[in-house]
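**Student:** I would like the atomic coordinates for the input below:
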Amino acid sequence: PVRAIVCERADLRTVPYGGPMLKAAGDTYYDRLQETELVLGMPVWVLHESSDGLFYYVQSYFYRGWVSRETVAAAKSEEEWMYFADPESFVVVTDALVKLGGKSVDMGVKLPAVKSEDGGKYTVTIPAADAEGFLVRENAEISALSAHEGYVPYTMKNYYIQAFKYEGTMYGWGGMNDGVDCSGFVCAVFRSFGFELPRNTSQQNKIMGELVSLSDMSAVDRARIFDVLDVPAAVYKPGHVMLWLGKSGEKYYIIHAPQGGSKVSAAEISAADTKLSELSRIK
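**Tutor:** I've put the predicted structure just below:
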């Protein structure tokens, strides 16, 4: 394997092909070849190259798949790889998406900090590829309003702030088109606190905090749990995950990325909803 760093927000594909495969002609929101997005600065291993040389088969911490070779840069040494993979001094992007050096950078991305905050900005290092595809460093500036020195402190207030920074963001299956899907939204919010979560809903609900099964509960029992739920939590339906917001009056609220064509938004949920399957208290 070759150590590499994602140097452009990358679409991770099932096969080495950049075009869509749709279930139906008009179903453009769901490309069946799109697995996930790999964020800028993510460390990967390059395991294979496509026969036409246009794609690399890579292993990230949560997925394997094909990416355009232009989106990753090979490190010449372990030291260069670790500079981005595990930086000693870094800032974390706190906005849903920012542009740095013309590149899309997602919430929770760690960027090595060249120097401390100065005049309301941080000078950071972003990964890039040279003409031969090897990893090089470029400097960029990011507003202190869009980044935090080190991980964001894990508090309920910051949990709300980070979640609502995505409000209005378009749904993007597997992170397509700089958007976010339901489980990617959860990943990004908790990444800003330093939590690296599995990408898929089916895996998230097995490891995230204290898991409570809701599927066999009565509406009264679910309401009892919701009434006292005062920590960050994820609420699940089959194939879907939502972030818990809390109770207002007699109603319960979540925020989520609903489906193709919609935007991240807050919504009411009912304790009587029989599709609710699990809840994870993430302490």
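**Student:** for the stretch 51-200 of the chain, which spans come out with low pLDDT?
**Tutor:** Applying pLDDT under 70 to the stretch 51-200 of the chain picks out residues 115-118.
**Student:** residue boundaries of the helices in it?
**Tutor:** 78-85, 156-164, 182-191 (DSSP state H, counting those that start in this stretch).
**Student:** And the contacts of the first one?
**Tutor:** Just to be clear, that refers to helix 78-85. Helix 78-85 has contacts (Cβ atoms under 8 Å, 6 or more residues apart in numbering) with Arg3, Ala4, Ile5, Gly41, Pro43, Ala75, Pro112, Thr125, Pro127, Leu135, Arg137. Every residue, glycine included, has its C-beta placed from N, CA and C.
**Student:** buried ones in that helix?
**Tutor:** Residues of helix 78-85 classed as buried: Glu80, Trp81, Tyr83, Phe84, Ala85 (neighbour count, 16 or more other Cβ atoms under 10 Å).
**Student:** Just put these in TSV and tack on distance to Ile161.
**Tutor:** Below are the buried residues of helix 78-85 laid out as TSV (distance: Cβ to Cβ, whole Å):
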residue	distance to Ile161
Glu80	34
Trp81	32
Tyr83	29
Phe84	26
Ala85	27
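**Student:** dump the residue contacts of the residue most central in space within the chain.
**Tutor:** Closest residue to the average C-alpha location of the chain: Ala188 at 3.4 Å, with Cα atoms, centre = their mean. By Cβ under 8 Å, 6+ apart, Ala188 lies in contact with Ala96, Asp106, Met107, Gly108, Tyr166, Val180.
**Student:** any chance of those residues in a markdown table, plus neighbour count?
**Tutor:** Converted to a markdown table, the contacts of Ala188 look like this (neighbours: other Cβ atoms under 10 Å):
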| residue | neighbour count |
| --- | --- |
| Ala96 | 23 |
| Asp106 | 25 |
| Met107 | 26 |
| Gly108 | 22 |
| Tyr166 | 24 |
| Val180 | 28 |
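**Student:** Let's have these in a markdown table, adding distance to Leu145.
**Tutor:** Shown next, in a markdown table, are these (distance: Cβ to Cβ, whole Å):
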| residue | distance to Leu145 |
| --- | --- |
| Ala96 | 13 |
| Asp106 | 17 |
| Met107 | 13 |
| Gly108 | 16 |
| Tyr166 | 16 |
| Val180 | 20 |
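**Student:** His48: which of the residues you listed is nearest?
**Tutor:** Asp106 (25.8 Å; Cβ to Cβ).
**Student:** Among the contacts of helix 78-85, name the ones in strands.
**Tutor:** Using DSSP state E, the subset of these located in strands is Arg3, Ala4, Ile5, Pro43, Pro112, Thr125, Pro127, Leu135, Arg137.
**Student:** what's the neighbour count on Leu111?
**Tutor:** Around Leu111 there are 24 other residues, counting by other Cβ atoms under 10 Å.
**Student:** ok so, going back, just the buried members of the contacts of helix 78-85?
**Tutor:** Buried by 16+ other Cβ under 10 Å: Arg3, Ala4, Ile5, Gly41, Pro43, Ala75, Pro112, Thr125, Pro127, Leu135, out of the contacts of helix 78-85.
**Student:** Turn those residues into CSV, columns for distance to Asp27.
**Tutor:** Output for the buried ones among the contacts of helix 78-85, formatted as CSV (distance: Cβ to Cβ, whole Å):
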residue, distance to Asp27
Arg3, 38
Ala4, 33
Ile5, 34
Gly41, 32
Pro43, 34
Ala75, 39
Pro112, 41
Thr125, 40
Pro127, 34
Leu135, 38
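**Student:** Just give the closest residue to the residue nearest to the centre of the chain, not the sequence neighbours.
**Tutor:** Met107 (4.3 Å; Cβ to Cβ, 6 or more residues apart in numbering).
**Student:** same question, Ser213
**Tutor:** Glu278 (5.8 Å).
**Student:** what's around that neighbour, how many residues?
**Tutor:** Around Glu278 sit 20 other residues, with neighbours defined as other Cβ under 10 Å.
**Student:** who's in contact with the closest residue in space to Gly168 that isn't next to it in sequence?
**Tutor:** Excluding its sequence neighbours, the residue lying closest to Gly168 (Cβ to Cβ, 6+ apart) is Lys263, at 5.2 Å. The contact partners of Lys263, by Cβ under 8 Å, 6+ apart, come to Glu167, Gly168, Thr169, Met170, Tyr171, Ala257.
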